[in-house]
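# Here is my input; please provide its structure:
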Amino acid sequence: MHAEVTHRPPRAVCLLVAALAGLAGCSGSEPAGPAAARPERTPSAGRLPAAAVDMVTRSGTWPRTQQTLDTAVNELVHRCMKRAGFAYPAARAPLPEAFDDAKALVDLDRRKRYGYGIAARPPAAGQPPAPYYTGLDEDRRRRFDLAFSGPPGVKKEVETGMGTVRVADRGCGAEARRRLTGDVVSWARMYYVPQALNGRLDAQVPRQPGYVSALTGWRVCMTERGHPFPTPEKARKSLADAYGNSGRKNAQLKANDAFRWKERAIAVADGECALKMRLPESALAGRRALVASLPGKDRALLAELTRLQSAALERAERVVGR
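Reported below is the predicted structural model:
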């Protein structure tokens, strides 16, 4: 309904690696499994626990842990807004994108309908406006916003390593996050700093032996299907360039069914070859291994954030009754 972040940094973590841009479905599905495994609680700058690696790579225990934290925030906001005289759903939060779910990441169904999303963009995945909020008159809506986010100018600036975010320091949203992590700055750092650290690994992942081997297989697979591209992102870029240039050179291309068919065919072949050669899994394995190569100060920061996450998860589980 409302977000406490007023300026979000670039979403570098959307892809597992820049070389996997062709796989960019960036959608998540909820796998079967336990609610939220407890993150390991003995982090150190020397040897990072699995939970710290999960935070950076958004895999392993992270999606379930974040879902529990977000669900607790919803419940706490619900209670706070009720005290202020407003309704706010105490809904279970959706499971965030899991980068160890290769099928969801590739999303073949989406590729079959939209290709890479060049000639025909898929519909936006944003939530529709809440009927309760849109049904409020102007004065009540203003009061709702004030109760949820506090005064517009009361924000905290948080440097995340990939940009600055401004987070509300007042209102029910801030109060909920403060209940879990002690302050809104800690919540923002816990969420965004691992993304920034993840982005630093992008250039190294394509050089990992496992990924190199999988990419070689992907090239063979694509060549056998009549699409001899060196990498997934080159496949997508070649189509995007052709489509972008069509405005100057061939305007009819934009409405050309043959182009749309070609885009879908290449995107589907790209995805199927990636799944066959386990390209997403190889990228994630390489990325997880690279987390240990981060500088000592970054590993120490991750250790701190892992402790913060573990304590917040304990509080969140009490809030949601687990």
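
# Show me what counts as buried in the longest helix belonging to the chain.
For the chain, the longest helix by residue count, based on DSSP state H, is helix 296-320. By neighbour count with 16 or more other C-beta atoms under 10 Å, helix 296-320 contains the buried residues 298-310, 312-313, 316-317, 319-320. C-beta coordinates here come from the backbone N, C-alpha and C atoms, glycine included.

# Kindly report the same for stretch 203-215.
Neighbour-count burial for stretch 203-215 [16+ other C-beta under 10 Å]: 205-206, 208, 210-211, 214-215.

# now swap in stretch 159-170 and tell me
Result for stretch 159-170 [16+ other C-beta under 10 Å]: buried residues 160-162, 165, 167-170.

# Show me the helices in the chain, by range?
Counting by DSSP H, the helices of the chain are 50-57, 62-83, 102-106, 108-114, 131-134, 138-149, 171-181, 184-200, 209-224, 232-249, 257-276, 279-291, 296-320.

# Report the mean per-residue pLDDT for the second one.
Which is helix 62-83. Averaging pLDDT along helix 62-83 gives 97.

# likewise the fifth one?
Mean per-residue pLDDT for helix 131-134: 87.

# Could you do the longest one as well?
Summarised as a single mean, pLDDT over helix 296-320 is 96.

# low pLDDT regions in the stretch 201-322 of the chain?
245-255, 322 (pLDDT under 70).

# and with 50 instead?
248-249 (pLDDT under 50).

# what do you get for the stretch 1-150 of the chain?
Short version for the stretch 1-150 of the chain, where the test is pLDDT under 50: 1-45.

# Run a quick check on Asp169 versus Val184, I expect a contact.
Yes. Judged on C-beta atoms under 8 Å, Asp169 makes contact with Val184 at a distance of 5.7 Å.

# what sits in contact with each of the two?
The contact sets of Asp169 and Val184 overlap at Lys156 (C-beta atoms under 8 Å, 6 or more residues apart in numbering).

# picking that back up, may I see the buried residues of stretch 159-170 organised as TSV, with distance to Arg260 added?
Formatted as TSV, these follow (distance: C-beta to C-beta, whole Å):
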residue	distance to Arg260
Thr160	38
Gly161	39
Met162	34
Val165	38
Val167	42
Ala168	43
Asp169	48
Arg170	49
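
# These in strands, which ones?
165, 167-168 (DSSP state E).

# and Asp137, how many residues sit next to it?
8 (other C-beta atoms under 10 Å).

# Glu175: neighbour count?
There are 19 residues near Glu175, going by other C-beta under 10 Å.

# Distance check, the nearest residue to it once chain neighbours are set aside against Cys221.
For Glu175, ignoring the flanking residues on the chain, the nearest one in space by C-beta to C-beta, 6 or more residues apart in numbering is Cys80 at 5.5 Å. To Cys221, Cys80 is 53 Å away according to C-beta to C-beta, to the nearest Å.

# same question, Met190
39 Å.

# Could you pull up the residues touching the residue nearest to Ala316 when sequence neighbours are not counted?
The shortest distance from Ala316 to any non-neighbouring residue, by C-beta to C-beta, 6+ apart, is to Ala72 (3.5 Å). Residues in contact with Ala72, defined by C-beta under 8 Å, 6+ apart, are 176, 180, 315-317, 319-320.

# can you check Leu284 too?
16, 57, 59, 99-100.

# Verify the stated contact: Glu281 with Ala102.
Yes. Contact criterion C-beta under 8 Å: Glu281 and Ala102 qualify, at 5.7 Å.

# any idea how far Pro206 lies from Glu233?
10 Å.

# Could you do Leu305 as well?
30 Å.

# repeat for Ala203
13 Å.

# do Arg287 as well
Arg287 is 16 Å from Glu233, by C-beta to C-beta.

# before we move on, back to that, mind giving me CSV with the contacts of Ala72 and columns for distance to Pro152?
Formatted as CSV, the contacts of Ala72 follow (distance: C-beta to C-beta, whole Å):
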residue, distance to Pro152
Ala176, 19
Leu180, 24
Arg315, 28
Ala316, 28
Glu317, 33
Val319, 28
Val320, 30
